[in-house]
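> Quick one: sequence plus predicted model below, questions after.
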Amino acid sequence: MSRERRPLTGKEVQEFKQKLLEQKERLWQEIRETLLGKIGRDYQDQIRSVNEWEDLAQIDLLEETVLGVLEAQKEELEAIAQALWRIDNDEYGRCLECGKWIRYKRLQIRPWSSYCTDCKGRKEKKGISG
Ligand SMILES: [Zn+2]
C-alpha cells in the first residue's frame, strides 16, 4: 500500500492545503522572530504586519545580510506558494518531472513536494535542488 501511486481525493487535497497554510504561518512566525532579533524595536510594527515576501522589501533597514539569513525560509515559502497554486489549478500531487502521482506518504511529510522520490533522487545526484 505504501508504494501505491494514485490520484488524491478532494478531501485529501483540502487536508494538504490546510497543512500548507499552517506551515506558511509557522515560517512567517519564524521570520518575524528572526527580524525582531536582528533589526530591533524601531521596526516592530512593520515586522508584525509582514505576511508576504514583498512586504519585507518595504522595510528600508533590511540589508542583504539579514535576507541571507532567511534564505532557507524563502525557498520553502516559494515551494509552498507553488503547491498552493497547483491546488487551485487542479494540478496538485503530480510530479513536475515525470507527471506521475507523488506518493501520499511523501506528501504527508512534505506537502510542498514538487517531485516524486525517483525524480528528486535523480536531481540531487545531478546537484539540482528542488
Ligand atoms: Zn517523477
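Happy to help now that I have it. Residues are numbered from 1 along each chain as shown.
> could you point out which element follows the helix or strand of the chain with the lowest mean pLDDT?
In the chain, the helix or strand scored least confidently by mean pLDDT, DSSP states H and E is helix 64-69, which has a mean of 72. Sequence order places helix 71-88 as the next helix or strand after helix 64-69, per DSSP states H and E.
> List, one by one, the residues from this structure near the ion.
Proximity of the chain to the ion is assessed by C-beta under 5 Å from the ion, with C95, E97, C98, C116, C119 identified as the residues in range. For glycine as for every other residue, the C-beta is placed from the backbone atoms N, C-alpha and C.
> Output these as TSV; include the columns secondary structure.
Conversion of the residues of the chain next to the ion to TSV gives the following (DSSP: H, G, I helix; E, B strand; the rest coil):
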residue	secondary structure
C95	coil
E97	coil
C98	coil
C116	coil
C119	helix
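> Now pLDDT and distance to K17 too, for those residues, in JSON lines please.
Formatted as JSON lines, the residues of the chain next to the ion follow (pLDDT from 0 to 100; distance: C-beta to C-beta, whole Å):
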{"residue": "C95", "pLDDT": "95", "distance to K17": "19"}
{"residue": "E97", "pLDDT": "94", "distance to K17": "22"}
{"residue": "C98", "pLDDT": "95", "distance to K17": "23"}
{"residue": "C116", "pLDDT": "94", "distance to K17": "20"}
{"residue": "C119", "pLDDT": "95", "distance to K17": "23"}
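> Identify the farthest-apart pair in those residues.
Of all pairs drawn from those, the one with the longest distance (C-beta to C-beta) is E97 and C116, at 7.5 Å.
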